[in-house]
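[1] here is my input; please provide its structure:
(2 chains)
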Amino acid sequence: MIRPLSQWSPLVLNVLNWIVTVGSVILCSLALPVRLPGMELAGISPNWLLIWVVAWSIKRTVLQSALAGVVLGFIQDGMTSPQPTHALGLALVGVLTARLQKQRYIEEDFISVALVVFGMAVVAETVVALQFSLIKDVDGRPLPLADIWMYHQQAALSSAILSSLWAPVVYYPLNRWWERFNWLE
Amino acid sequence: MYSLYRWWDRYRLQLLLALISLVVALALRQTEGAGLLELYRLLSLPFQSGQQQEQLITARTWELEQRIAELEIQNQKLQALLDQPAVTQGRGIVAPVIGRSADHWWQQLTLGRGSQAGLQPGLTVVAPGGLVGRITNTSPHTSRVLLLTDPTSRIGVTVSRNRRMGILRGQIGNRAVIEFYEKDPDVRPGDIVVTSSLSSLFPPGLLIGRIESVDLTKTSTPQAIVKLSAPVGDVEWVTVHLDDKTAEPMVSLSP
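    Here you go, the predicted model:
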């Protein structure tokens, strides 16, 4: 018989909180290379780490959010390519989400979180596209700008739609847990 | 002093945890996500197509290899008569594709075999139909392939009908384009494109695809859009060529 959470010792609860947090990051990272039917739009899949950063940042300080963005950005760098870095975009997403002060302006529900994710996906894609416009390829020539920005439209829109549709899957359980944990503490 | 102490007392755990997460993330970035990819492979193991398919593929490969060997000997004899550089042929390893790129700006594949199976960065990856890309890094049981369609990929290619040379580069958005050196490259839709013997990254003579349309209006260089013959988007198995790693570029070439 498992005792209710409220009777657990604070240390165990804290450890459990970190297991949940780190575990969810690992799950989100592992979901990145997967392409399941229904999770794909024009070859583009949801940006799970972005959803995680938004879920984390909604009720946290700017600094905490920026740090989470950098950490998850580095992880995504490791899984694709360190240049251009994803840390910049995700950190910006974290800061903007934290600055939104959502509780004050918008009512908190799935729809508004999905809306925030939609906007942030566009922001993150734009940061990557900007970096792509600045880097040079192996021969030292810049990549074709027209191609980058044409693809940016398609990528940003697909990624925003898919990420916002899938956002509740990450946001709901995580938010539930963090709320409960704070209440217990 | 006391306030500093109190501040430290209050935030030391958070600081420590923040530092730890930063260090772990940096480590992941430095190791190119090797640990995560290994975990991913372990978890996706039950979902990969089973041993039986591999056996079927091996049998089929063996059959085809025998036929190729036969044709190769003929071909080499004929080429020796014509004094042409020989097309290199080597051993290959079959590897399952277990993942796609982790964001949508890069065109990558993750393979379920790595350095333990003898794979290493620089090896050529081929799918049924033709060239797919090249391995960029490996972990013990996984490896990452940069596809031809990636915007950072560039390959020297030859149009097989008239031996005209060009550079194939991936375009953002899963296409590939050839830029020709000459003003009038004399190519038309339907021409077959293979890797050039001047390419330093790939062995010469590998099939890449067919020219779909030609655009001569580009001011600097004429361009042609290529349809890759390998189904890069949905391959499940690929073959990694073991022997022809980063061949030295050949200098002499008959036009």
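[2] how about the stretch 1-150 of chain B: which residue is closest to chain A?
    Across the stretch 1-150 of chain B, the shortest distance to chain A (C-beta to the nearest C-beta) belongs to B:Gly99, at 2.9 Å. Backbone N, C-alpha and C define where each C-beta goes, glycine included.
[3] in a strand, that residue, correct?
    Yes: with DSSP: H, G, I helix; E, B strand; the rest coil as the criterion, B:Gly99 is part of a strand.
[4] which residues sit in contact with the residue in chain A positioned nearest to chain B?
    In chain A, the residue found nearest to chain B is A:Pro33; the distance is 2.9 Å by C-beta to the nearest C-beta. By C-beta atoms under 8 Å, 6 or more residues apart in numbering or on different chains, A:Pro33 lies in contact with A:Met79, B:Tyr40, B:Ile98, B:Gly99, B:Arg100, B:Ser101, B:Ala102, B:Thr110.
[5] which SS class is it?
    Secondary structure for A:Pro33, judged by three-state DSSP, is coil.
[6] excluding its backbone neighbours, what's nearest it?
    Spatial nearest neighbour of A:Pro33, chain neighbours left out: B:Gly99 (2.9 Å); criterion: C-beta to C-beta, 6 or more residues apart in numbering or on different chains.
[7] sorry, back to before: gap between the residue of chain A closest to chain B and A:Trp18?
    Note on A:Pro33: its distance to A:Trp18, by C-beta to C-beta, to the nearest Å, is 25 Å.
[8] show me which helix or strand of chain A is least confident by mean pLDDT.
    When each helix and strand of chain A is scored by mean pLDDT, DSSP states H and E, helix A:102-105 comes last, with a mean of 58.
[9] any idea how far the helix or strand that comes right after that helix is from the chain center?
    Next in sequence after helix A:102-105, counting helices and strands by DSSP states H and E, comes helix A:110-134. With C-alpha atoms, centre = their mean, to the nearest Å as the basis, helix A:110-134 stands 10 Å off its chain's centre.
[10] go on, stretch B:96-103?
    From the chain centre to the centre of stretch B:96-103 is a distance of 12 Å (C-alpha atoms, centre = their mean).
[11] got a list of contacts for that stretch?
    With C-beta under 8 Å, 6+ apart as the test, stretch B:96-103 has contacts from A:29, A:32-35, A:45, A:47, A:76, A:79-80, A:86, A:128, B:33, B:37, B:40-41, B:44, B:48-49, B:107-113, B:142, B:235-238.
[12] how about stretch A:152-159: buried residues?
    A:His152, A:Gln154, A:Ala155, A:Ala156, A:Leu157, A:Ser158, A:Ser159 (16 or more other C-beta atoms under 10 Å in any protein chain shown).
[13] can I get these in CSV with pLDDT, secondary structure and distance to chain B?
    Output for the buried residues of stretch A:152-159, formatted as CSV (pLDDT from 0 to 100; DSSP: H, G, I helix; E, B strand; the rest coil; distance: C-beta to the nearest C-beta, whole Å):
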residue, pLDDT, secondary structure, distance to chain B
A:His152, 81, helix, 8
A:Gln154, 81, helix, 7
A:Ala155, 81, helix, 5
A:Ala156, 85, helix, 10
A:Leu157, 87, helix, 11
A:Ser158, 85, helix, 8
A:Ser159, 85, helix, 7
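[14] now do the contacts for the closest residue to A:His152 other than its chain neighbours.
    In space, and not counting its chain neighbours, A:His152 is closest to A:Ala129: 4.1 Å by C-beta to C-beta, 6+ apart. A:Ala129 makes contacts with A:Ile148, A:Trp149, A:Tyr151, A:His152, A:Ala155, A:Ala156, as judged by C-beta under 8 Å, 6+ apart.
[15] quick one: contacts for the spatially most central residue of chain A?
    In chain A, the centroid-proximal residue (C-alpha atoms, centre = their mean) is A:Leu50; its distance is 1.6 Å. If a contact means C-beta under 8 Å, 6+ apart, then A:Leu50 has A:Leu90, A:Val93, A:Val117, A:Met120, A:Ala121, A:Ala124, A:Ser163 as its contacts.
[16] looks like the fourth one contacts A:Ala98 (just checking).
    No: with contacts counted by C-beta atoms under 8 Å, A:Met120 stays clear of A:Ala98, the gap being 11.4 Å.
[17] setting aside sequence neighbours, what's the nearest residue to the most centrally placed residue in chain B?
    By C-alpha atoms, centre = their mean, chain B has its centre lying nearest to B:Gly133, at 1.6 Å. Excluding its sequence neighbours, the residue lying closest to B:Gly133 (C-beta to C-beta, 6+ apart) is B:Leu147, at 4.2 Å.
[18] now that neighbour. Its backbone dihedrals?
    Main-chain dihedrals, B:Leu147, degrees, to the nearest 10: phi -80, psi 160.
[19] is it true that it touches B:Pro231?
    No: applying C-beta under 8 Å as the test, B:Leu147 and B:Pro231 come out as separate, 11.6 Å apart.
[20] among these two, which residue is more densely surrounded?
    Taking other C-beta atoms under 10 Å in any protein chain shown, B:Leu147 and B:Pro231 do not tie; B:Leu147 has more neighbours (25 against 13).
[21] contacting residues around the more buried one?
    Neighbours of B:Leu147 in contact, by C-beta under 8 Å, 6+ apart: B:Gln107, B:Gln108, B:Leu109, B:Val132, B:Gly133, B:Ser153, B:Gly170, B:Val232.
[22] any of those buried? List them.
    B:Gln107, B:Gln108, B:Leu109, B:Val132, B:Gly133, B:Ser153, B:Gly170, B:Val232.
[23] just the endpoints, please. Distance across stretch B:188-208?
    End-to-end distance of stretch B:188-208 (C-alpha to C-alpha, to the nearest Å): 16 Å.
[24] can you list the low-confidence ranges for the chain?
    Because you didn't say which chain, this covers chain A. A:1-3, A:5-6, A:38, A:43, A:101-108, A:110, A:136-143 (pLDDT under 70).
[25] not quite, go with chain B.
    Scanning chain B with the threshold set as pLDDT under 70 gives B:48-54, B:83-91, B:172-175, B:218-220, B:243-255.
[26] give me every residue in it lying close to chain A.
    B:17-18, B:21-22, B:24-26, B:28-34, B:36-37, B:39-40, B:43-44, B:98-106, B:108, B:110, B:151-152, B:154, B:171-174, B:233 (C-beta under 8 Å from any C-beta of the partner chain).
[27] so which of those are in helices?
    In this view, these that belong to helices under DSSP state H are B:17-18, B:21-22, B:24-26, B:28-30, B:34, B:36-37, B:39-40, B:43-44.
[28] which non-adjacent residue is nearest B:Thr221?
    B:Glu179 (4.6 Å).
[29] what's the helix or strand that contains that neighbour packed up against?
    Using DSSP H and E, B:Glu179 sits within strand B:175-180. When contacts are defined as 3 or more C-beta pairs under 8 Å, 6 or more residues apart in numbering or on different chains; DSSP states H and E, strand B:175-180 packs onto strand B:165-171, strand B:207-215, strand B:223-228.
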